[in-house]
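Trainee: Give me the fold of what follows.
(chains A and B)
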Amino acid sequence: QKEVEQNSGPLSVPEGAIASLNCTYSDRGSQSFFWYRQYSGKSPELIMFIYSNGDKEDGRFTAQLNKASQYVSLLIRDSQPSDSATYLCAVNNGANSKLTFGKGITLSVRP
Amino acid sequence: DVKVTQSSRYLVKRTGEKVFLECVQDMDHENMFWYRQDPGLGLRLIYFSYDVKMKEKGDIPEGYSVSREKKERFSLILESASTNQTSMYLCASSSPSGGAHEQFFGPGTRLTVL
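Mentor: Okay, here's the model as predicted:
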């Protein structure tokens, strides 16, 4: 059973801090990795994806991938109350277009 | 921008009814997916389709069927709705070109079965 695990959470950080969200995956053949943000009552929206080892930055968001250790993380710099949401990690194994999702972690940014 | 639309945001049905949930995407994507999302269980794949008239079972297909007669439209059918099918249903689409396989979601349909 291919699994994607995320910290149980919830995670609470003060406004302006760095929020670090972590995700591990079991399938060593995984090819691409995604972070989605989901506000309460809304559908998931793609924040960014990564498929090479290392860091990928997009504004205040940085995705980090370490295939040897089978983890992917999302850093949110200068956290804002509007970042308060559930963050879903998803993984694709390259064999087809299916994604395996983690259960998500809820982030709360305190003003 | 990719746009995925779903026929209803909220739906209330009675046990035993046949229920149709419609999903339409406007980006000519080959792949379409139906998920349900429940608290504590995360997103679970019901069915997906990688081409017109093609479908594959996901992790929880029991009690559901799908139809894809046109590339842009993917329908989820609950043959005889039951209370344990009360859930948020999410449709998504993706394209294999480019290799990343990112999926884009519709707004969701919150279905309540009484």
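Trainee: low-confidence ranges in the chain?
Mentor: Picking chain A for this. Under the criterion of pLDDT under 70, the regions of chain A flagged as low confidence span A:1.
Trainee: if you could check chain B rather than the one you did, that'd help
Mentor: Scanning chain B for pLDDT under 70 picks out the ranges B:1-2, B:98-100.
Trainee: Taking the centroid of it, which residue is nearest it?
Mentor: In chain B, the centroid-proximal residue (C-alpha atoms, centre = their mean) is residue B:34; its distance is 2.6 Å.
Trainee: tally of neighbours for residue A:92?
Mentor: By other C-beta atoms under 10 Å in any protein chain shown, 24 other residues sit near residue A:92. Placement of C-beta: from N, CA and C, glycine included.
Trainee: for it, what are its contacts?
Mentor: Residue A:92 makes contact with A:30-34, A:98-100, B:100-101, according to C-beta atoms under 8 Å, 6 or more residues apart in numbering or on different chains.
Trainee: Try it again at 6 Å.
Mentor: Contact analysis of residue A:92 by C-beta atoms under 6 Å, 6 or more residues apart in numbering or on different chains lists A:31-32, A:99, B:101.
Trainee: for residue A:62, same thing?
Mentor: Contact analysis of residue A:62 by C-beta under 6 Å, 6+ apart lists A:55, A:75.
Trainee: Show me what it bridges to in the sheet.
Mentor: residue A:57, residue A:75 (DSSP bridges).
Trainee: measure it to chain B for me?
Mentor: 18 Å (C-beta to the nearest C-beta, to the nearest Å).
Trainee: quick revisit: return the subset of the contacts of residue A:92 lying in strands.
Mentor: In this view, the contacts of residue A:92 that belong to strands under DSSP state E are residue A:32.
Trainee: Which of the contacts of residue A:92 sits closest to residue A:4?
Mentor: For residue A:4, the closest of the contacts of residue A:92 turns out to be residue A:99, at 9.0 Å, with distances computed as C-beta to C-beta.
Trainee: Touching, the closest one and residue A:89? I think so.
Mentor: No - using C-beta atoms under 6 Å, residue A:99 makes no contact with residue A:89, being 9.8 Å away.
Trainee: May I have the residues that are in contact with residue B:101?
Mentor: For residue B:101, the residues meeting the contact criterion (C-beta under 6 Å, 6+ apart) are A:92, A:97, B:94.
Trainee: Mind putting the residues you listed into CSV with distance to residue B:53 and secondary structure?
Mentor: Listed next are these as CSV, based on distance: C-beta to C-beta, whole Å; DSSP: H, G, I helix; E, B strand; the rest coil:
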residue, distance to residue B:53, secondary structure
A:92, 24, strand
A:97, 17, coil
B:94, 18, strand
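Trainee: which one among these gets closest to residue B:74?
Mentor: Using C-beta to C-beta, residue B:94 is the member of the contacts of residue B:101 that sits closest to residue B:74, with 11.9 Å.
Trainee: Provide the partner residues of the closest one in its beta bridges.
Mentor: With DSSP bridges as the criterion, the beta-bridge partners of residue B:94 are residue B:31.
Trainee: distance of it from residue B:47?
Mentor: Plainly put, residue B:94 is 14 Å away from residue B:47 if you go by C-beta to C-beta, to the nearest Å.
Trainee: Show me how far stretch A:101-111 is from its chain's centre.
Mentor: Its chain's C-alpha centre lies 9 Å from the corresponding centre of stretch A:101-111 when counted by C-alpha atoms, centre = their mean, to the nearest Å.
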